[in-house]
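What shape does this take:
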Amino acid sequence: MEEKTHTAGGAAATKQPQGRALGITLMLTSAASNQGGAAAGALAFPAIGPFGVVAVRQLISAAVLAALARPSFRGLTRREWLPVVGLALTFSVMNLSLYSAVERVGLGLAVTLEFLGPLAVAVCASRRAVDIGGALAAGAGVVLLTNPGPTSDLPGIGLGLIAAAAWAAYILLNRTVGRRLPGLRGTATASVLAAAVWSPLAVLWFLNHPPTLPALGLALVCGILASAVPYAADVITLRRVPTALFGTFMSINPVWAAAAGWVILGQSLDAGELAGIGVIVLSNVLVSRSSGRV
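Here you go, the predicted structure:
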């Protein structure tokens, strides 16, 4: 009975203009926080590597979400446990595969490969031509913006594709968890499960790779901004917007990454990158407006 209430509430919110507006605001916030955190985490790679960053990220995000939601493992049914366990596994695979891909093939190609996941979700979740066209246009914009170069690093490409599949699974599982469990309870429970697995791995890793305080600080920032904030925002968002819109809107992540590089690192944007940003923004506006009329 409780599940029906949450599902109905989510469906009703999706149809309300204010629900969609909040969902779009949360998607923008999630993407901006995610990219800021990812930049901080990348700065810690030389000291503790992608594995160390992901380990700290999982532990910190679990601590933050557990404090906010106070998850309880009692009383969960099998239908609630299954997506929670799947989401916990997805957290680990998605983060570790993406960061490892970035280290091997560079940020541009890794981000482009990873976006194939939400792009596939957006295309498969809707049969409307405007949604499919908007999603494909956003994908083209990501390619223009990231300008991925050719590489013969097949393991790196494979890791990028694994990250794409994990991101697609994350979208679908997060939506299911949000429907079956109230508030942030499901996401917090999944984060705690993931942290339980990562805790002994983190101890072993840091015994062999002694961390520096600056690296730990950067990884801590990464855990808050790139995990805790987006995980919480996304589960709320997926109660308010269609899956196709969410999948397309994930193309805004490379835009925030480029903006951070321009503002914080002083990296200039060439004509191709600006064109990519324009295509991504326009495609998201198109799909968002179209979803609002459904």
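
My guess is Val197 contacts Ser92. True?
Yes - counting by Cβ atoms under 8 Å, Ser92 is a contact partner of Val197 at 7.0 Å. The C-beta positions use only the backbone N, C-alpha and C, and glycine is treated the same way.

out of these two, which sits in the more crowded spot?
Each of Val197 and Ser92 has its neighbours counted (other Cβ atoms under 10 Å); Ser92 has more, 19 against 14.

And the pLDDT for the closest residue to that one other than its chain neighbours?
Once flanking residues are discounted, Ser92 sits nearest to Ala194: 5.6 Å by Cβ to Cβ, 6 or more residues apart in numbering. Ala194 is assigned 95 on the pLDDT scale.

gap between the helix or strand Ala194 falls within and the chain center?
Per DSSP states H and E: Ala194 is located in helix 185-208. The chain centroid and the centroid of helix 185-208 are separated by 18 Å under Cα atoms, centre = their mean, to the nearest Å.

Run through the neighbouring helices and strands of the next helix or strand after that helix.
Remark: after helix 185-208, the chain's next helix or strand is helix 213-223, criterion DSSP H and E. Counting contacts by 3 or more Cβ pairs under 8 Å, 6 or more residues apart in numbering; DSSP states H and E, helix 213-223 is packed against helix 17-43, helix 45-69.

Pull the contacting residues for the residue nearest to Ser92.
Contact partners of Ala194, counting by Cβ atoms under 8 Å, 6 or more residues apart in numbering, are Gln58, Ala62, Ala88, Leu89, Phe91, Ser92.

count of residues packed around the second one?
Going back to what we said before, that points to Ala62. There are 28 residues near Ala62, going by other Cβ under 10 Å.

Spit out the contact partners of the residue lying closest to it once chain neighbours are set aside.
Excluding the flanking residues, the one nearest Ala62 by Cβ to Cβ, 6+ apart is Ala195, at 3.5 Å. With contact set as Cβ under 8 Å, 6+ apart, Ala195 has these partners: Gln58, Leu59, Ser61, Ala62, Ala63.

list the contacts for the second one?
Contact analysis of Leu59 by Cβ under 8 Å, 6+ apart lists Ala195, Trp198, Ser199, Ala202, Gly223.

Highest neighbour count among those?
Gly223 leads the contacts of Leu59 on contacts (other Cβ under 10 Å) with 26 neighbours.

remind me which residues of this protein are low pLDDT?
1-17, 264-267, 290-294 (pLDDT under 70).

which stretch of helix or strand covers Val142?
Going by DSSP H and E, Val142 is part of helix 129-146.

buried ones in that helix?
Within helix 129-146, the residues scored as buried using 16 or more other Cβ atoms under 10 Å are 131-132, 134-135, 137-139, 141-146.

And the next helix or strand past it?
Next along the chain after helix 129-146, taking DSSP H and E as the criterion, comes helix 154-180.

buried residues in that following helix?
Under 16+ other Cβ under 10 Å, the buried positions of helix 154-180 are 156-157, 159-180.

chain center to that helix: distance?
9 Å.

Can you tell me what sits against stretch 104-119?
42, 98, 101-102, 135-136, 138-139, 142-143, 146-149, 151, 153, 155-157, 159-161, 163-169, 171, 246-248, 250-251, 253-254, 257.

So which of the helices and strands packed on helix 213-223 is the most surrounded?
helix 45-69 (a mean of 22; mean count of other Cβ atoms under 10 Å).

and the angle for it with helix 213-223?
Helix 45-69 runs at 50 degrees relative to helix 213-223, counting by axes from the mean of the first three to the mean of the last three Cα atoms, to 10 degrees.

Now do helix 45-69: distance to the chain's middle.
Worked out by Cα atoms, centre = their mean, helix 45-69 lies 14 Å from the chain centre.

Tell me what angle that helix forms with helix 154-180.
Going by the same axes, to 10 degrees, helix 45-69 makes 10 degrees with helix 154-180.

Tell me which helix or strand comes right after helix 45-69.
helix 78-105.
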